[in-house]
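Novice: okay, structure incoming, though there's no sequence with it:
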């Protein structure tokens with residue numbers, strides 16, 4: 001009976017890059033989106049996830065109603081060939097490629113009867129050194145549909161390759177509302193570091209950054225604003241959660257630079273090298289303000305949604321798609337990403353929020369309401385279904 005029902009359904013293959021497994025607490029943002037959205041499409045579609053192998057995960061399984069097939073991915077070309085062999089057996093109506101535009105024209109040639117969608121999560125893989133302008137045009141033009149997570153990213157792509165504009169659709173990302181509303185007792189939080197459990201965290205005003213430690217995330221500007229922040233708030237603690245790469249505690253030259261910048265403020269700055277994503281909400285829950293000082297063109301900025309879901313006011317740069325998430329003056333503040341302005345504006349807005357508990361509570365409440373209305377994984381999956389219904393008729 002189930003086999004007949006599956007044959008009548010829309011068959012969709014989600015091809016992940018092979019960088020991290022699905023599911024995985026140590027995965028990157030691309031895999032996390034697949035992990036959260038695809039199970040919510042079931043039973044409306046017959047969905048399959050193709051990804052890399054990992055310890056303690058079987059090569060094939062049905063996970064949350066989704067068939068997962070996993071392959072070794074040390075060689076990306078061999079990984080792609082193995083995925084293609086399984087796609088031939090599945091014969092999907094839609095093949096959605098996650099953030100790897102280079103695979104789109106290849107799949108278009110191999111599977112002419114399938115619609116090839118590209119779910120583009122950022123500008124990284126449509127830029128050099130990954131793609132030349134000519135290759136970018138060829139890859140993006142090959143897609144039957146391009147799904148992006150922000151209007152900002154849509155505008156970038158349509159500006160780079162104008163003939164793709166009519167095929168681009170926006171589907172904002174979401175957050176797990178239940179997880180990011182939890183509250184735990186400090187003694188139950190095994191992930192928080194020992195010095196915070198011993199008292200560095202308690203009875204202090206906490207400013208939180210969560211994300212990778214790479215230059216475009218702008219953490220050096222946060223540390224550059226420490227003098228002004230500490231002057232007004234001698235009890236402040238800035239907590240920086242993240243590492244140079246997803247799922248890794250390995251350092252980098254930039255991480256070492258940040259630690260040097262933090263030395264004069266060692267009583268006010270705590271680095272947490274890495275926290276699994278299923279524990280990230282524990283860090284938000286004890287913070288007073290979240291900061292997102294990105295200087296790069298953020299496609300969406302999911303960390304803003306997580307902070308707002310946790311009822312935290314956000315101070316973020318008006319960079320890329322962040323403007324579509326944070327409502328300036330309502331759920332937090334948007335500041336300039338310009339080098340000559342960012343540090344002063346960051347310090348001023350953080351100072352104002354730390355001094356005004358009533359404003360923090362008000363903005364936190366507005367942020368939670370905005371997330372519940374606009375940024376849930378259920379909403380993302382429902383929107384995907386709408387796009388699929390539309391896309392099956394407009395080839």
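Specialist: Perfect, I can see it now. Everything numeric in this text was worked out from a predicted model, so none of it was measured.

Novice: make it CA atoms for all contacts and neighbour counts henceforth
Specialist: OK.

Novice: residue 149 versus residue 306, what's the distance?
Specialist: 15 Å (CA to CA, to the nearest Å).

Novice: so which of the two has more stuff around it?
Specialist: For residue 306 versus residue 149, the count of surrounding residues by other CA atoms under 10 Å is larger for residue 306: 27 against 23.

Novice: pLDDT at the more buried one, what is it?
Specialist: With respect to pLDDT, residue 306 scores 97.

Novice: touching, it and residue 180? I think so.
Specialist: Yes. Here residue 306 reaches residue 180: they are 6.8 Å apart, a contact under CA atoms under 8 Å.

Novice: who touches both of those two?
Specialist: residue 281 (CA atoms under 8 Å, 6 or more residues apart in numbering).

Novice: what's the first helix or strand after the worst-scoring helix or strand of the chain on mean pLDDT?
Specialist: Here the helix or strand of the chain ranked lowest by mean pLDDT, DSSP states H and E is helix 194-195, holding a mean of 48. Per DSSP states H and E, the first helix or strand lying C-terminal to helix 194-195 is strand 206-210.

Novice: what strands line up against that next one, and which way round?
Specialist: For strand 206-210, the paired strands and their directions (DSSP bridges) are strand 237-241 (parallel), strand 289-292 (parallel).

Novice: contacts made by the first one with the rest, please.
Specialist: Contacts of strand 237-241 with the rest of the structure, by CA under 8 Å, 6+ apart, involve 200-201, 204-211, 267-275.

Novice: next one: stretch 365-378
Specialist: Contacts of stretch 365-378 (CA under 8 Å, 6+ apart): 36-37, 40, 172-177, 305, 308-313, 326, 330-332.

Novice: can we see that at 7 Å?
Specialist: Contacts with stretch 365-378, where a contact means CA atoms under 7 Å, 6 or more residues apart in numbering, come from 36-37, 40, 172-176, 305, 308-311, 330-331.

Novice: report the two of the residues you listed separated the most.
Specialist: 40 and 330 (30.3 Å; CA to CA).

Novice: between those two, which one's more packed in?
Specialist: Higher neighbour count among residue 40 and residue 330: residue 40, with 20 against 17, using other CA under 10 Å.

Novice: secondary structure element for the more buried one, which one?
Specialist: Secondary structure (DSSP H and E) places residue 40 in helix 29-41.

Novice: buried ones in that helix?
Specialist: 30, 31, 32, 33, 34, 35, 36, 37, 38, 39, 40, 41 (16 or more other CA atoms under 10 Å).

Novice: include pLDDT and distance to residue 338 when you put the residues you listed into a markdown table, please.
Specialist: Shown next, in a markdown table, are those (pLDDT from 0 to 100; distance: CA to CA, whole Å):
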| residue | pLDDT | distance to residue 338 |
| --- | --- | --- |
| 30 | 96 | 28 |
| 31 | 96 | 31 |
| 32 | 95 | 30 |
| 33 | 97 | 30 |
| 34 | 98 | 33 |
| 35 | 97 | 35 |
| 36 | 97 | 34 |
| 37 | 98 | 35 |
| 38 | 99 | 38 |
| 39 | 98 | 40 |
| 40 | 98 | 40 |
| 41 | 98 | 41 |
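
Novice: what is the nearest of those to residue 100?
Specialist: Using CA to CA, the buried residues of helix 29-41 come closest to residue 100 at residue 30, 10.5 Å.

Novice: quick one: low-confidence ranges for the stretch 51-200 of the chain?
Specialist: 182-200 (pLDDT under 70).

Novice: ranges for the helices of it?
Specialist: Using DSSP state H, counting those that start in this stretch, the helices of the stretch 51-200 of the chain run over 76-90, 103-110, 133-142, 151-160, 194-195.

Novice: what's the neighbour count on residue 383?
Specialist: Neighbour number of residue 383 under other CA under 10 Å is 14.

Novice: ok, residue 230 next?
Specialist: Number of residues near residue 230 (other CA under 10 Å) recorded here: 17.

Novice: let me see the contact set for residue 50.
Specialist: By CA under 7 Å, 6+ apart, the neighbours of residue 50 are 14, 15, 16, 68, 69, 70, 83.

Novice: most neighbours among those residues, please name it.
Specialist: Counting by other CA under 10 Å, top hit in the contacts of residue 50: residue 15 with 26 neighbours.

Novice: tell me what that one is bridged to.
Specialist: Applying DSSP bridges, one finds that residue 15 bridges with residue 50, residue 97.
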